[in-house]
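**Q** Quick one: sequence plus predicted model below, questions after.
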Amino acid sequence: TEHELEAQFERTVASEGRVEPRDWMPEGYRKTLIRQIAQHAHSEIIGMQPEGNWILRAPSLRRKAILLAKVQDEAGHGLYLYSATETLGVDRGELTEKLIDSKQKYSSIFNYPTLTFADIGVIGWLVDGAAIVNQVPLCRSSYGPYARAMVRICKEESFHQRQGYELLMTLMAGTDAQRAMVQDAVDRWWWPSLMMFGPADGDSPNTQQSMAWRIKRHTNDELRQRYVDMTVPQAEALGVTLPDPALRWNDDRQAHDFGDIDWDEFMQVVKGAGPCNAQRLANRRAAHEGGQWVRDAAAAYAVKHAAREVP
Ligand code: FAQ
């Protein structure tokens, strides 16, 4: 009966087991997973644009090869995550339509412009750094296909983070102008990177239920704090300042205090009014429409093949 199936589901989740596509699951659980994983997939695909902006202008062959590989990895993560959503009974075409019709979200962070090549280093360091803090716990998410996807994605993200840090160390060992370029990029990306973790716990409608289902393993504020504590010593080692006068070690809490996040800015960006939202979506729509002939050709080929196999 439904009641027994639900009890079985609860036991699996409570005992740190994995829920698999064939298993019964509550409708709300399925919906939450589709929402979160689709948003995550969209973020990876939209997230190719800010860095893709610099592929043709990378300052050396080595930097171009690294950047090309990183952006390709992001495409791979997106496709991997769309596959995970398909185990929940949706189709990636349908999700892409929702994205370009602004009915589904993607991460706020990808609505900011990449103004100099230092932004490429800072995205690797700060944005991939935040992604890792958020995603490592998701390797223990209760939904099997999502958790397994996260293991591989996190390995690649940590490599991405290191390439960003290495790029910044190179710039910091350069000229005064190069160091100033890094500081300027850090000043622009620090606060948006803190917003990646989502609204403060008191304003996060989904956290409680997602934690109970063990989809999420920590609250938004817990992960944000972990990220700040991890990043401060890295900034010191690099020789840059994080643009927050309130940022300081709190001995009682054994953690860093930090200033207030501009939640109005966050809401604006999430609602579609960030600096690059319109451009990001227009590019995504053009790429989707431009690829229509490929999907049509693949479908026609599949039909022809199926017809040929009939004896
Ligand atoms: N941007 O109740 P909560 C990457 C929405 S990393 C936009 O707290 P939840 C790698 C939220 O969806 C970036 N919207 O929600 C990379 C909800 O709206 P809804 C992607 C946000 O789900 C690096 C509402 O606000 N990573 O791509 C944001 O429990 C470099 C209320 O929020 C992931 O997606 C935001 N920042 O917690 C690629 C990680 N924050 O859906 C290229 C997986 C919140 O009800 C280059 N996702 N919202 O309409 C998660 O861990 C969670 O979904 C959170 C949000 C923590 C993002």
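**A** Right, received. Where do you want to start?
**Q** Now do the nearest residue in space to Gln104 that is not next to it in sequence against Met25, distance only.
**A** Nearest non-adjacent residue to Gln104, counting by CB to CB, 6 or more residues apart in numbering: Lys98, 4.3 Å away. Where C-beta positions appear, they are placed from N, C-alpha and C, glycine not excepted. Look at Lys98 and Met25: by CB to CB, to the nearest Å, they are 21 Å apart.
**Q** more crowded one of those two?
**A** Met25 (21 against 15; other CB atoms under 10 Å).
**Q** pretty sure the more buried one belongs to a strand, no?
**A** No. Using DSSP: H, G, I helix; E, B strand; the rest coil, the assignment for Met25 is coil, not a strand.
**Q** if we can go back for a sec, now do the helix or strand in which the residue nearest to Gln104 is found: distance to the chain's middle.
**A** Element membership for Lys98 (DSSP states H and E) is helix 92-100. Using CA atoms, centre = their mean, to the nearest Å, the mean C-alpha position of helix 92-100 is found 17 Å from that of the whole chain.
**Q** Report the rounded mean pLDDT for the following helix or strand past it.
**A** Sequence order places helix 118-122 as the next helix or strand after helix 92-100, per DSSP H and E. Across helix 118-122, pLDDT averages out at 98.
**Q** What's the first helix or strand after helix 118-122?
**A** Downstream of helix 118-122, the next assigned helix or strand under DSSP H and E is helix 128-135.
**Q** who touches that next one?
**A** For helix 128-135, contacts defined as CB atoms under 8 Å, 6 or more residues apart in numbering pick out 109, 150, 153-154, 157-158, 160-161, 164, 193-194, 196-197, 223, 226-227, 230-231, 234.
**Q** near the ligand too, which of the residues you listed?
**A** With CB under 6 Å from any ligand atom as the criterion, the contacts of helix 128-135 include Met196, Phe197 near the ligand.
**Q** hmm, back to that, output the contacting helices and strands for the helix holding Lys98.
**A** Applying 3 or more CB pairs under 8 Å, 6 or more residues apart in numbering; DSSP states H and E, we find helix 92-100 packed against helix 27-46, helix 61-86, helix 277-290.
**Q** right, so the ones you listed: which one is the most enclosed?
**A** Most buried of the helices and strands packed on helix 92-100, by mean neighbour count (mean count of other CB atoms under 10 Å): helix 27-46, with a mean of 20.
**Q** Now Pro59. Its backbone dihedrals?
**A** Backbone geometry at Pro59, expressed as degrees, to the nearest 10, gives phi -80, psi -10.
**Q** In this structure it contacts Phe117, no?
**A** Yes. Pro59 lies in contact with Phe117 (CB atoms under 8 Å); the separation is 6.2 Å.
**Q** between those two, who's got more neighbours?
**A** Shown here are Pro59 and Phe117; by other CB under 10 Å, Phe117 has more neighbours (19 against 10).
**Q** for the more buried one, what are its contacts?
**A** By CB under 8 Å, 6+ apart, the contact set of Phe117 is Trp54, Arg57, Ala58, Pro59, Arg63, Met181.
**Q** Now render the residues you listed as TSV, adding distance to Leu281 and pLDDT.
**A** Shown next, in TSV, are those (distance: CB to CB, whole Å; pLDDT from 0 to 100):
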residue	distance to Leu281	pLDDT
Trp54	20	98
Arg57	23	97
Ala58	25	97
Pro59	29	96
Arg63	28	98
Met181	29	98
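**Q** Could you say whether Thr241 sits in a helix, a strand or coil?
**A** At Thr241 the chain is in coil, as set by three-state DSSP.
**Q** any weak-confidence spans in this protein?
**A** 310-311 (pLDDT under 70).
**Q** change it to 80
**A** Low-confidence segments of the chain (pLDDT under 80): 309-311.
**Q** That's all I had, so thanks and see you.
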